[in-house]
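Student: Pasted the sequence and its predicted model underneath.
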Number of protein chains: 2
Amino acid sequence: MEKALETYKKIRNQMKAYQFAFGIISWDSSTEAPKGSFENRSKAIGTLSEMSYRLGTSDEYMDAIDTLYNNVEKLDKVLAHEIVEIKKSTEKQKKIPVEEYVEYRTLMGSSQEIWADAKAKNDFNLFKPTLKKIVDYKRKQIKYQETDKLKGYDVLLDDYEPGFTTKDYDKFFDELKEKLVPFFKEINKCELQYNNSFVGKEFPREKQIEFCEYLQDVLCFNKEYGLMKESVHPFTMGINTKDVRFTNNYHEDDIVSAIFSAIHELGHAVYNQQNDPALDETFLSGGASNGIHESQSRLYENMIGRSREFWNVHFPKLKEIFPKQFKGVTATDFYKHVNRSFASFIRIEADELSYPLHIMLRYDLEKGLMNGEYEVDNIDKIWEDKFKEYFGLKVTKASDGILQDMHWGGGLIGYFPTYALGSAYAAQIYHAMAKDVNIKEELKTGKTTLINKWLKEKVHIHGRSLYPKEIIKYATGENFNSKYFIKYLQKKYEKLYQEFFRVNKK
Amino acid sequence: MEKALETYKKIRNQMKAYQFAFGIISWDSSTEAPKGSFENRSKAIGTLSEMSYRLGTSDEYMDAIDTLYNNVEKLDKVLAHEIVEIKKSTEKQKKIPVEEYVEYRTLMGSSQEIWADAKAKNDFNLFKPTLKKIVDYKRKQIKYQETDKLKGYDVLLDDYEPGFTTKDYDKFFDELKEKLVPFFKEINKCELQYNNSFVGKEFPREKQIEFCEYLQDVLCFNKEYGLMKESVHPFTMGINTKDVRFTNNYHEDDIVSAIFSAIHELGHAVYNQQNDPALDETFLSGGASNGIHESQSRLYENMIGRSREFWNVHFPKLKEIFPKQFKGVTATDFYKHVNRSFASFIRIEADELSYPLHIMLRYDLEKGLMNGEYEVDNIDKIWEDKFKEYFGLKVTKASDGILQDMHWGGGLIGYFPTYALGSAYAAQIYHAMAKDVNIKEELKTGKTTLINKWLKEKVHIHGRSLYPKEIIKYATGENFNSKYFIKYLQKKYEKLYQEFFRVNKK
């Protein structure tokens, strides 16, 4: 047992060192590596992956894990959680025949390029054969990995949000469907009136960066232990608590995109920075799950970053940096602009209210594909029908519909639902926080100090040493409940569209 | 034998993958890693180094190398060279008792900080005990590693410039001492007259970067396979031919520094880009030696970059970017400014003519320390005496004298001489190139296309698959001879100071 622990820690340390190298290399790839360097680069990454894979499946390591797993009740709580998780993922992996897994990895080597090409050419038929192979593999994967507790689509869902099954998600999305779809349709009939003269003006990149630097201080991001850079798609990489990086992307004809990407990524980044540093040497650093991680980015982005109070304090700074562009525009105008809701095709451009409907649609489709109700052959048509149902719009381009997201091309099935769940978690966590912290007063200070402190204690510090449902229970005192999310959206948008401002029927 | 070759290639591939990871991580460390990330970072690097060290000293690898070494005549020329080199360095390493090596590595863990602190406080006594330990270790290392062919200081010299011993260097430096010291003293009495009104003006960082981007195109640096960034000290990192990066550093009160750092690093970078791509998977990519690498950076920096012809073509561009700063300044003024020679304390700020004298001094001292003629106790006094002799200046601050360079604190003894050798190689190579290429005409095109092409064929393509002396023989048709360097400097400075321009005795 002691020997096993020693071996485990030694190899964990080595695996973490590989992860560190992969992290830095991947950061380099996404942010600056020369275009022509990728061929040699992938060879090196391939070799490192192979060495790391061999280490991670070595008998020495497996034996140590088995010994610890068989004595798990003698381990401290965090280590026990880690061992159970590793054992679970190792067992899951082992059930897939190696040759099938290798074939799938090979498919993944080209599938995203094929998807990107199909999207660029706006032709679903180009992607269809690849998507079929991916769906076939996922169906087989489910068969191999099914257990008494996890059947069908649940097998995949569990990878992204442990403990959440179709039972949980069906309930969640049914509630959204019942409450939010009609509500959104009502809102969608209205139009907000405000001074939007800044839309389409030029916002120089350097100045946008200046404001995003300012936002880092507002959200108390620790620059001593992190940095902000640029990449095509914004993302956050938490290497450990002392090295958390995120990127942004600037469009000179639009100031809103970079601001909310920055706040969103800062939500992820603050979460990673506020992990317990003791977790840095374990596999339990980072976020509890995709949904919990997303809850933090959404909480900062939407509940904090799209609030009236936030822009009352920070709009003057924005106007100071862009005086010409915002001439005559008030904080109220800007607040309205960043909260207006309307039906649109593209998920990543959707507002807070319509966003979960985009996810609901994807959930319906994934579930249908996994349980055999739907097939890839006409999945684009099913998308179009559902889209019409939820949004009242007719999809005319595959790139605005079935081809818009990179996820399925990357083999990510079961991932989407966590996005909506994250928003719903956020609302419940925000509601609980509001009992302990006077959030509106705190925002007046210009920083989120007490908000960060509360989230640290309740959520961030635990990393992934607790399951999502445990985090929610610990942070809010109750089980997950979508009512907070629905109420939050209804209250916010009712006020925004009916009470606070003049309503015009479109 | 076939089995050994297979094993060798497999492990070489893995070692190269580690090297790739170390390269990217070290690039990240030097150019952007968050300040507070270094503690966790060094742990990860430590673990990766240990894994890589274990692989590189594994019985499997050693046995394969031995088998190949014993059959070296059956291998192709490049592989044979590689095996001989690896065998040599492995044998050298093996001669040092492990505990002494570990002690030395531990010393290296803190020695540079101690040096930096002593330099900042301008107090040699703070560094003396550490330097003593380093010198003691190097003396012991010499004893362990001496062979019939390599004795004393030669053991160390061979690590940086294989094939060059004190015999070669003594001859070289004696010639410089005889010809250049009196010549420099004459020149040092004169002062160049020109319009230097741009000195001390403000040169915004962004604009300096713009000109350095332009210089990349002038020197035909392939941006598809490389990039330029910033760091405290400029350096070049050739990861492989498809990924060559270099950094620069910008001082807004000085335009000259960044320009010549850029050209210098571009010299290194072009060399790495023009290696035979087939060498990428071997240990023979990069430069043939420190001296040969430096010869390329010096050739571009001094012979090309400080030439009349270069600035005739490119000064207009510089003036276009900085019209106010260079108002009334001519290409001739700028040419004079970047070539003026005068006695100064700091090596890295020295001009082309006085630079080798700085190196000569360090060579004298290293040689004396290694053969026991000098001791660390009063090495600062010896420095001061020699400095007075070569430069006619009295050193009054240790940070201007014995403490100015980081090399000895980093355990680099035997490295300095390659800097002067590099300049001398450059002159000989330039002289040979001038027979095949009309350099002055080529410079008029605004690019260095034919110069790069010639250097590629004669020098760059070989990587380190040839020894320095072989490269010189191959590129110039004769053995190394310092006369080209001495003649080049005499001709250039005589013209600059006596014929071309008005001479004033100071």
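Tutor: Received it, and whenever you're ready, just let me know what you need.
Student: number of nearby residues for residue A:305?
Tutor: For residue A:305, the neighbour count with other Cβ atoms under 10 Å in any protein chain shown is 25. All C-beta atoms are positioned from the backbone trio N, CA, C, and that covers glycine.
Student: quick one: the spatially most central residue of chain A from chain B, how far?
Tutor: In chain A, the centroid-proximal residue (Cα atoms, centre = their mean) is residue A:294; its distance is 4.3 Å. As judged by Cβ to the nearest Cβ, to the nearest Å, residue A:294 and chain B stand 24 Å apart.
Student: if I read this right, residue A:489 contacts residue A:353, doesn't it?
Tutor: Yes: if you go by Cβ atoms under 8 Å, residue A:489 and residue A:353 touch, sitting 5.4 Å apart.
Student: which residues are common contacts for the two?
Tutor: Residues touching both residue A:489 and residue A:353 comprise A:180, A:183, with contact defined as Cβ atoms under 8 Å, 6 or more residues apart in numbering or on different chains.
Student: what about the closest residue to residue A:488 other than its chain neighbours, helix or strand, and which?
Tutor: Counting by Cβ to Cβ, 6 or more residues apart in numbering or on different chains, the nearest residue to residue A:488 once its immediate chain neighbours are dropped is residue A:427, at 4.3 Å. Assessed by DSSP states H and E, residue A:427 sits inside helix A:417-436.
Student: Tell me, how many residues neighbour residue A:164?
Tutor: By other Cβ under 10 Å, 23 other residues sit near residue A:164.
Student: what sits against residue A:30?
Tutor: For residue A:30, the contacting residues are A:231-232, A:235, A:247, by Cβ under 8 Å, 6+ apart.
Student: One more pass at 6 Å, please.
Tutor: Residues in contact with residue A:30, defined by Cβ atoms under 6 Å, 6 or more residues apart in numbering or on different chains, are residue A:231.
Student: Quick check: it vs residue A:39, distance?
Tutor: Distance of residue A:30 to residue A:39, given as Cβ to Cβ, to the nearest Å: 17 Å.
Student: Residue numbers of chain A in contact with chain B?
Tutor: Residues of chain A found near chain B (Cβ under 6 Å from any Cβ of the partner chain) are A:13-14, A:17, A:20-21, A:24-25, A:28, A:34-37, A:40, A:44, A:47-48, A:224-227, A:240, A:242-243.
Student: Go through these and flag which are in helices.
Tutor: Secondary structure assignment by DSSP state H places A:13-14, A:17, A:20-21, A:24-25, A:28, A:40, A:44, A:47-48 of those in helices.
Student: Got the domain ranges for chain A?
Tutor: As assigned by automatic domain parsing, chain A contains the domains A:2-129, A:166-505.
Student: Which one, of those, ends up nearest to residue B:495?
Tutor: Each of the domains of chain A has some distance to residue B:495 by Cβ to Cβ; the shortest is domain A:2-129, at 40.8 Å.
Student: pLDDT of that closest one, averaged?
Tutor: Averaging pLDDT along domain A:2-129 yields 94.
Student: picking that back up, I figured the residue nearest to residue A:488 hits residue A:484, correct?
Tutor: Yes: Residue A:427 is in contact with residue A:484 according to Cβ atoms under 6 Å; the separation is 4.3 Å.
Student: higher neighbour count, the two?
Tutor: Between residue A:427 and residue A:484, residue A:427 has the larger neighbour count (other Cβ under 10 Å), namely 24 against 20.
Student: dump the residue contacts of that one.
Tutor: Residues in contact with residue A:427 (Cβ under 6 Å, 6+ apart) are A:484-485, A:488.
Student: Output the residues you listed in CSV; the columns should cover distance to residue B:414, pLDDT and secondary structure.
Tutor: Output for these, formatted as CSV (distance: Cβ to Cβ, whole Å; pLDDT from 0 to 100; DSSP: H, G, I helix; E, B strand; the rest coil):
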residue, distance to residue B:414, pLDDT, secondary structure
A:484, 70, 98, helix
A:485, 68, 98, helix
A:488, 69, 97, helix
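Student: rewinding a little: among the residues of chain A next to chain B, name the buried ones.
Tutor: A:14, A:17, A:20-21, A:24-25, A:28, A:34, A:36-37, A:40, A:44, A:47-48, A:225-227, A:240, A:242-243 (16 or more other Cβ atoms under 10 Å in any protein chain shown).
Student: before we move on, the earlier item: which element, helix or strand, includes the residue nearest to the centre of chain A?
Tutor: helix A:290-298.
Student: try residue A:441
Tutor: Going by DSSP H and E, residue A:441 is in helix A:439-444.
Student: packing partners for that helix?
Tutor: In terms of contacts (3 or more Cβ pairs under 6 Å, 6 or more residues apart in numbering or on different chains; DSSP states H and E), helix A:439-444 is packed against helix A:308-321.
Student: What residues sit buried inside the helix it packs on?
Tutor: A:308, A:310-311, A:313-315, A:318-319, A:321.
Student: and of the residues you listed, the nearest to chain B?
Tutor: Using Cβ to the nearest Cβ, residue A:321 is the member of those that sits closest to chain B, with 18.0 Å.
Student: my read: the closest one touches residue A:212, true?
Tutor: No: contact criterion Cβ under 6 Å: residue A:321 and residue A:212 do not qualify, at 10.4 Å.
Student: neighbouring contacts of stretch A:397-409?
Tutor: The contact list for stretch A:397-409 (Cβ under 6 Å, 6+ apart) reads A:111-112, A:115, A:118-119, A:122, A:124, A:345-346, A:380, A:383, A:395, A:415.
Student: next one: stretch A:363-383
Tutor: Contacts of stretch A:363-383 (Cβ under 6 Å, 6+ apart): A:124, A:131-132, A:135, A:152-153, A:173, A:401-402, A:413, A:417.
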